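Asker: Sequence below, structure please.
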Amino acid sequence: MPMPNSVPGQCRALLEPDTTVEYVLPGTMILAHGVGGTPLNVLLAVTETEIVVFRVKLLSRYQPAKIWARHPRRRGRATIEQHGSLSATCTVGGLVIEIEDEYIPVVRAAGLDTVGGEPPLDPHPHL
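Answerer: Numbering: from 1, shown residues only. Predicted coordinates for the structure are as follows:
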């Protein structure tokens, strides 16, 4: 289901002034730091410097209520795992978030995903 166009602006309103929100995708948090619980609808907003996880309002999938977590943005920060006919999961800083397949390209476009855990080492870190 497509996300309403107003969602990035609603996320931006909860962030510091002049923050640029580059990507937003919805998901359902199924694990937080290894502890399962009631699935919780969340939004992942990718800014220039961080990944922000928003809780959404009760009975909503797309209306951000407050910031749940913040993680620095860098290559290989999220791990996507696909599970056959089940929804894919995206792990960000100890949070396991179920995402629809249509949003996997968004995670990849943001440059956040890595395959098989750790991101590859930079072969030329001095450059």
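
Asker: packing partners for the helix or strand harbouring Thr91?
Answerer: Secondary structure from DSSP states H and E places Thr91 in strand 86-92. Judged by 3 or more Cβ pairs under 8 Å, 6 or more residues apart in numbering; DSSP states H and E, strand 86-92 is in contact with strand 78-83, strand 95-99. Where you see a C-beta, it was placed from the backbone N, CA and C, and this is true even at glycine.

Asker: What residues of it count as buried?
Answerer: Using 16 or more other Cβ atoms under 10 Å as the test for burial, strand 86-92 gives 87-92.

Asker: cool, and stretch 12-27?
Answerer: Buried, per 16+ other Cβ under 10 Å, within stretch 12-27: 12, 15, 19, 21, 23-27.

Asker: For the residue most central in space within the chain, which non-adjacent residue is spatially closest?
Answerer: Computing the C-alpha centroid of the chain and ranking residues by Cα atoms, centre = their mean puts Leu44 first, at 3.5 Å. The spatially closest residue to Leu44, leaving aside those adjacent along the chain, is Leu25, at 5.2 Å (Cβ to Cβ, 6 or more residues apart in numbering).

Asker: what's the distance between the one you found and Ala45?
Answerer: Between Leu25 and Ala45 the computed distance is 8 Å (Cβ to Cβ, to the nearest Å).

Asker: tell me the average confidence for stretch 3-22?
Answerer: Averaging pLDDT along stretch 3-22 yields 93.

Asker: quick one: contacts of that stretch?
Answerer: 24-26, 43, 45-48, 52, 54, 62-64, 66-67, 110 (Cβ atoms under 8 Å, 6 or more residues apart in numbering).

Asker: Just the buried ones among those residues, please.
Answerer: 24-26, 43, 45-47, 52, 54, 62-64, 110.

Asker: now the residues you listed in TSV, with distance to Arg73 and secondary structure?
Answerer: Below are these laid out as TSV (distance: Cβ to Cβ, whole Å; DSSP: H, G, I helix; E, B strand; the rest coil):
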residue	distance to Arg73	secondary structure
Val24	14	strand
Leu25	14	strand
Pro26	19	strand
Leu43	15	strand
Ala45	11	strand
Val46	6	strand
Thr47	7	strand
Val52	9	strand
Phe54	15	strand
Tyr62	22	coil
Gln63	24	coil
Pro64	18	strand
Ala110	8	coil
